[in-house]
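> missing the sequence, but the structure's below:
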């Protein structure tokens, strides 16, 4: 470690999960210098304090920590448990269009009751080509805002085709400030999501409802750091496996949802030192597969529901199969799983003196690992060998589905059942088993990339190139806002989708930019 | 159609998920997404209650049937949702133009989102919904409707956009109906509510494809909890399984307002070493194997997930998906000379003769 005495060369990743709060210290070469697992506490602060104390004990000087990155499920939990959510005044601008589906239609009743401080569907909005549907009814919006004063903690504004033309949402945002002042939080839909009105509106309302949760978590982190006299730059992990600066996260807290699986994929890759890989997290009952492309998790194209609400967030593309260390092997060995002995592995499996043949038994019998206390009887040999072959084929099949036909990527395996994966898997160039794999989430949080995304409809033909360049610029701007170094940010993904039935051929472009964090 | 004890008499909120799944299957890869349409229907049924489902025989002879559907770009419809004013303006304009009373709403296209939205329009207008439509599937153009094939002239078309503009067309023929309707929908933001050929229930009889709404709901229900959902779906549709395999190639391009492209499926299991290629223009139109046609438009070709039997729209087909390709017979109306002239392979630019799927794919039934 040539740079070990340089100040600010260390960073800490903290992952606050439902059960454990993990923390790691990484050096400038992404090596794990210290790590810990502590129980998560109800107030979050306690678990964070304990985890921080444990890892700081493993380094000589806390002032060497330049950055702290936090991955948290607080936003997801708040929505799922309907706790600590802010009251949101919901404004949609677009009538007479869109009146067939009023705001918050199909929301679970209890979530709607917990969040809505009132809903307005006002006249206004745009057509796809930027012409008006109707003039914005400013008076109607002003009266509505006056009626929710004192009742709403936040305002969510969604205009029809605002991802194409932003002006109207911005103007209404200024009106919100004028009528309700700076104490309410404000979410504008064009900053949150893409074309697809109802999903974007839902996402915008959830974002508005989460400002208080974001403030609590931010406060807890600031508190435990200041107790230690530390003043590092702080970041939150987001759902695409990149970071956002604290200030950005407090504006877009909904983006922290889904950061768990993203961190796990990122962390596995950081620990193994590869940028492009398939990642398998082998647990006791299931194995989750994800894909890492240029250092970021590949995103799913399927719509995501959060707390029973349809949103247009993009989450890591993860598939789950019923294979893990506790998975049962059938009598004839011809089928395995999805049943598992789960947490009873330590008493039920043959290698631990139990009577139930599991994949762990099959793996140990095959010599892929040596653990357990009992020798497996010869009568099980054929059955276990057959079961393991079936499991190997299932692993190979899942790797193939995730590989999209590109077989040059390595497979990184983590988790307690990682030993089950054979050293050679069809569709993977190599099988990598990194150290510290059980704190991969916290390692994944302690990454050094920030990103931004932009979605636009552009003409296919003359002007296409300019329009795509503008979309790229917007994505880069967002990445820089999130904390990326303006000099090193680059486009990491550009998806073009041709649109049907338009008078002029058009393409929807979705651009993502990412870059290393700017040095502070 | 004689009443059977199990015949569906009304559509309730509980029927919507099955209806949406069924409409997606009948969309043959196109027809627009069903999710927003389902929310539109949900919102309307919450407010107005269940919608009666009727046959044309149950309607008064001189009452008007409103065949309704969205025209325009599905992407736009996903953002610029219908307004509740559209159905009322349409009824008012049609009743005034034709001097008769509207007695029912009908879906003009059962495939995709247009199969679901008319439930909402009927609820909003307090009218029953006809158990039938004018395609039995999804097609991309206005003239591709059963009333045209049945020999009815195009007399009147209504278009209402989200802004509230109402346009009444009296086109000279079906091709002009398509051309002018498309231009009007573009003027109103590339999406509009359309009524094609509003005529009396009496004249409509025999010129539509009956029973397709209840068929869509049955399709949606048959896969629920089935041990082998694809087999259950095939049984309901009387479909051939052209191949079960992995999507290994997806190609898309735009042209003439359509998304064209092809999808290649590499067989798995029993189908190992077979390769099927689908040609797409918004909908799945032709399936080839080794240069031979296994199925072609107007027969229905749908790509479903090999495990869940959920339909996969053409724009959502991705490399690596494990799918079954199902094909089944279209309504006999489409197989008449006039039907094939309007929606046969040559109408979509493929220089090949139509062979019914039960002959072309007899090995896979």
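Everything's here; your move. This one's a predicted model, so the numbers in the text were calculated from it and none came from an experiment.
> what number of residues lie near residue 277?
With no chain named, the answer covers chain A. Look at residue A:277: counted by other Cβ atoms under 10 Å in any protein chain shown, it has 24 neighbours. Heads up, the C-betas are built off the backbone N, CA and C, glycines and all.
> I was thinking of chain B, sorry if that wasn't clear
Residue B:277 has 16 neighbouring residues, counting by other Cβ under 10 Å.
> packing partners of the host helix or strand of it?
Element membership for residue B:277 (DSSP states H and E) is strand B:275-281. When contacts are defined as 3 or more Cβ pairs under 8 Å, 6 or more residues apart in numbering or on different chains; DSSP states H and E, strand B:275-281 packs onto strand B:240-255, strand B:258-267, strand B:283-289.
> what's in contact with the host helix or strand of residue A:168?
Here residue A:168 sits within helix A:167-180, counting by DSSP H and E. Residues from elsewhere that reach helix A:167-180, judged by Cβ atoms under 8 Å, 6 or more residues apart in numbering or on different chains: A:91, A:93, A:124-126, A:136, A:138, A:141-142, A:145-146, A:148-149, A:152, A:155, A:157-159, A:162, A:184, A:186, A:188-190.
> and the helix or strand following that helix, what does it pack onto?
Sequence order places strand A:185-188 as the next helix or strand after helix A:167-180, per DSSP H and E. If contacts are counted by 3+ Cβ pairs under 8 Å, 6+ apart, strand A:185-188 sits against strand A:154-159, helix A:167-180, helix A:197-209.
> right, and these - which one's nearest residue A:84?
For these, proximity to residue A:84 was assessed by Cβ to Cβ; helix A:197-209 is nearest, at 9.3 Å.
> before we move on, the earlier item: now the helices and strands packed on strand B:275-281 as a markdown table including mean pLDDT, distance to chain A and mean neighbour count?
Below are those laid out as a markdown table (pLDDT from 0 to 100; distance: least, Cβ to the nearest Cβ, whole Å; neighbours: other Cβ atoms under 10 Å in any protein chain shown):
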| stretch | mean pLDDT | distance to chain A | mean neighbour count |
| --- | --- | --- | --- |
| strand B:240-255 | 86 | 4 | 19 |
| strand B:258-267 | 87 | 5 | 20 |
| strand B:283-289 | 96 | 10 | 23 |
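> make JSON lines from these and add distance to residue A:97 to it.
Putting those into JSON lines (distance: least, Cβ to Cβ, whole Å) gives the following:
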{"stretch": "strand B:240-255", "distance to residue A:97": "26"}
{"stretch": "strand B:258-267", "distance to residue A:97": "25"}
{"stretch": "strand B:283-289", "distance to residue A:97": "27"}
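> sec struct for residue B:109, please.
coil (DSSP: H, G, I helix; E, B strand; the rest coil).
> separation between it and residue B:135?
Residue B:109 sits 5 Å away from residue B:135, going by Cβ to Cβ, to the nearest Å.
> hang on, residue A:94 packs against residue A:133?
Yes. With contact defined as Cβ atoms under 8 Å, residue A:94 and residue A:133 form a contacting pair (6.1 Å).
> which neighbours do those two share?
A:123-125, A:160, B:80.
> so how far is residue A:439 from residue B:175?
From residue B:175 to residue A:439 the distance is 67 Å (Cβ to Cβ).
> more neighbours: which of the two?
Of the pair residue B:175 and residue A:439, residue A:439 is the one with more neighbours under other Cβ under 10 Å, namely 22 against 14.
> show me what contacts the more buried one?
A:15, A:22-24, A:32, A:35, A:37, A:267.
> can you do 6 Å?
A:22, A:24, A:35 (Cβ atoms under 6 Å, 6 or more residues apart in numbering or on different chains).
> export those as JSON lines, with columns for neighbour count and distance to residue B:211.
As requested, the contacts of residue A:439 are exported to JSON lines (neighbours: other Cβ atoms under 10 Å in any protein chain shown; distance: Cβ to Cβ, whole Å):
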{"residue": "A:22", "neighbour count": "28", "distance to residue B:211": "59"}
{"residue": "A:24", "neighbour count": "29", "distance to residue B:211": "63"}
{"residue": "A:35", "neighbour count": "20", "distance to residue B:211": "64"}
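> from the residues you listed, which is closest to residue A:338?
residue A:22 (27.5 Å).
> any stretches of chain B with poor pLDDT?
Scanning chain B for pLDDT under 70 picks out B:1-6, B:254-259.
> most remote residue from it's center?
Most distant residue from the mean C-alpha position of chain B: residue B:273, 33.3 Å away (Cα atoms, centre = their mean).
> let me have the helices and strands packed on strand A:185-188 in TSV, extended by mean pLDDT.
Below are these laid out as TSV (pLDDT from 0 to 100):
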stretch	mean pLDDT
strand A:154-159	98
helix A:167-180	97
helix A:197-209	96
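> would you list these in TSV and tack on mean neighbour count?
Shown next, in TSV, are the helices and strands packed on strand A:185-188 (neighbours: other Cβ atoms under 10 Å in any protein chain shown):
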stretch	mean neighbour count
strand A:154-159	29
helix A:167-180	18
helix A:197-209	28
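> which pLDDT does the model give the residue in the stretch 201-350 of chain A that chain B sits nearest to?
Going by Cβ to the nearest Cβ, chain B is nearest to residue A:301 of the stretch 201-350 of chain A, at 6.8 Å. In this model, residue A:301 is scored at 70, pLDDT.
> phi, psi of it?
phi -90, psi -10 (degrees, to the nearest 10).
> do you know how far it is from residue B:280?
Taking Cβ to Cβ, one finds residue A:301 at 17 Å from residue B:280.
> looking at the two, which is more packed in?
Neighbours were counted for residue A:301 and for residue B:280 using other Cβ under 10 Å; residue B:280 has more, 25 against 11.
> I'd say that one and residue B:315 touch.
No. With contacts counted by Cβ atoms under 6 Å, residue B:280 stays clear of residue B:315, the gap being 9.4 Å.
> how distant is the host helix or strand of residue B:219 from the center of its chain?
Per DSSP H and E: residue B:219 is located in helix B:212-222. Centroid displacement of helix B:212-222 relative to its chain, using Cα atoms, centre = their mean, to the nearest Å, is 13 Å.
> packing partners of that helix?
helix B:16-26, helix B:229-237 (3 or more Cβ pairs under 6 Å, 6 or more residues apart in numbering or on different chains; DSSP states H and E).
> can you do 7 Å?
Judged by 3 or more Cβ pairs under 7 Å, 6 or more residues apart in numbering or on different chains; DSSP states H and E, helix B:212-222 is in contact with helix B:16-26, strand B:132-133, helix B:229-237.
> and it with helix B:16-26, angle?
100 degrees (axes from the mean of the first three to the mean of the last three Cα atoms, to 10 degrees).
> give me the contacts around helix B:212-222.
Defining contact as Cβ atoms under 7 Å, 6 or more residues apart in numbering or on different chains, one finds that helix B:212-222 is touched by B:8, B:15, B:17-23, B:25-26, B:53, B:107, B:110, B:115, B:129, B:131-133, B:136, B:232-233, B:236-237.
> chain A contacts on chain B?
Listed as neighbours of chain A in chain B under the rule Cβ under 7 Å from any Cβ of the partner chain: B:36, B:39-40, B:42-43, B:72-76, B:78-85, B:120, B:162-164, B:186, B:189-190, B:248, B:252-254, B:257-259, B:282, B:315-316, B:318-320.
> what sits against residue B:278?
Residue B:278 neighbours (Cβ under 7 Å, 6+ apart): B:262-263, B:284, B:287, B:301, B:325.
> apart from its chain neighbours, what residue comes closest to residue B:341?
Using Cβ to Cβ, 6 or more residues apart in numbering or on different chains and skipping the chain neighbours, the partner closest in space to residue B:341 is residue B:347 (6.9 Å).
> so how many other residues sit close to the one you found?
By other Cβ under 10 Å, neighbour count at residue B:347 equals 18.
> backbone torsions only: list them for it.
phi -60, psi -20.
> not counting sequence-adjacent ones, nearest residue to the spatially most central residue of chain B?
Closest residue to the average C-alpha location of chain B: residue B:111 at 2.2 Å, with Cα atoms, centre = their mean. Excluding the flanking residues, the one nearest residue B:111 by Cβ to Cβ, 6+ apart is residue B:138, at 3.0 Å.
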